[in-house]
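Structure, please.
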Amino acid sequence: MAYTPEHSQKHSCTLRRIAWALEIPMTSAIEKVFDHVGTTVDYVKVCKKCRDKTKCEECIFNQE
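Okay, the predicted model is just below:
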């Protein structure tokens with residue numbers, strides 16, 4: 001990972017509660033959240049604005 005972003009108190013609490021509900025660590029919960037986002041966000045928009053075309057094969061938004 002390039003960097004670890006800081007989360008607001010609100011978002012940290014939200015993630016903690018998701019992790020508790022799923023009975024998994026917060027690190028696993030954030031991955032599940034990202035996986036879910038990958039199924040709901042318009043991948044065409046994401047790919048069009050992407051600035052790093054070297055990771056397409058492993059990208060959640062890659063529909064090929």
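
Please work out the average pLDDT along stretch 7-19.
With pLDDT averaged residue by residue, stretch 7-19 scores 94.

One more: stretch 25-41?
pLDDT averaged over stretch 25-41 gives 94.

Now it: buried residues?
A29 (16 or more other Cβ atoms under 10 Å). Bear in mind the C-beta positions are built from the backbone N, C-alpha and C, glycine included.

Output it as PDB, restricted to C-alpha atoms.
Extracted in PDB, the C-alpha atoms of stretch 25-41 (Å, rounded to 0.1, in the frame of the first residue of the first chain):
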ATOM      1  CA  PRO A  25     -11.000  -7.600  12.200                       C
ATOM      2  CA  MET A  26     -11.300  -4.100  11.000                       C
ATOM      3  CA  THR A  27      -8.600  -4.700   8.400                       C
ATOM      4  CA  SER A  28     -10.800  -7.500   6.900                       C
ATOM      5  CA  ALA A  29     -13.900  -5.400   7.100                       C
ATOM      6  CA  ILE A  30     -12.400  -2.500   5.100                       C
ATOM      7  CA  GLU A  31     -11.500  -5.000   2.400                       C
ATOM      8  CA  LYS A  32     -15.100  -6.200   2.300                       C
ATOM      9  CA  VAL A  33     -16.300  -2.600   2.100                       C
ATOM     10  CA  PHE A  34     -14.000  -2.000  -0.800                       C
ATOM     11  CA  ASP A  35     -15.100  -5.200  -2.500                       C
ATOM     12  CA  HIS A  36     -18.700  -4.100  -2.200                       C
ATOM     13  CA  VAL A  37     -18.000  -0.600  -3.500                       C
ATOM     14  CA  GLY A  38     -16.500  -2.300  -6.500                       C
ATOM     15  CA  THR A  39     -19.800  -3.800  -7.300                       C
ATOM     16  CA  THR A  40     -21.800  -0.500  -6.900                       C
ATOM     17  CA  VAL A  41     -19.700   2.300  -8.300                       C
END
